[in-house]
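Participant: Just need the structure, nothing else, for what follows:
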Amino acid sequence: QVQLVESGGGLVQPGGSLRLSCAASGSILSIDAMGWYRQAPGKQRELVAEITSGGITNYADSVKGRFTISRDNAKNTVFLQMNSLKPEDTAVYYCNADGVRIVGPRQRYNYWGQGTQVIVSS
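Facilitator: Purely as a prediction, here's the structure:
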């Protein structure tokens, strides 16, 4: 089984920074894409940023220029550096791993982390 464990959330003032981390563990052979999604109260879950194994990135327009996603393929870990945080960034942030190949089956899987709360408030 594969597990995604997130860390780094918390309370920060507007304009501040946080760095989220997500480590995938288990019998993993490779992961195509890793990303971060967020869900604010009363809203749908939305993509924040994603990165392929080759380093190609994609960002939501609302975070471009403020957030940076990076990845350590050897450690199956993805990071999200969040700068210039705004109150509207408040949400539960979820890590996602897509196109995961594991030992045994030939198919690829998609996994989610349990989420980490980010609150931006003065």
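
Participant: so the residue sitting nearest the centre point of the chain is in which element?
Facilitator: Centroid-nearest residue in the chain: Trp36, 2.6 Å away (criterion: Cα atoms, centre = their mean). Under the criterion of DSSP states H and E, Trp36 resides in strand 28-39.

Participant: Can you name every helix or strand that that strand contacts?
Facilitator: Counting contacts by 3 or more Cβ pairs under 8 Å, 6 or more residues apart in numbering; DSSP states H and E, strand 28-39 is packed against strand 18-25, strand 46-52, strand 67-72, strand 77-82, strand 91-102. Yep, even glycine has a C-beta here, placed from its N, CA and C like the rest.

Participant: Tell me the strands beside that strand, with direction?
Facilitator: Under the criterion DSSP bridges, strand 28-39 sits next to strand 46-52 (antiparallel), strand 91-102 (antiparallel) in its sheet.

Participant: What pairs with the following helix or strand past the last one, parallel or antiparallel?
Facilitator: Per DSSP H and E, strand 91-102 leads on to strand 109-112 as the next helix or strand towards the C-terminus. Strand partners for strand 109-112, identified by DSSP bridges, are recorded as strand 91-102 (antiparallel).

Participant: With that, I have no additional questions.
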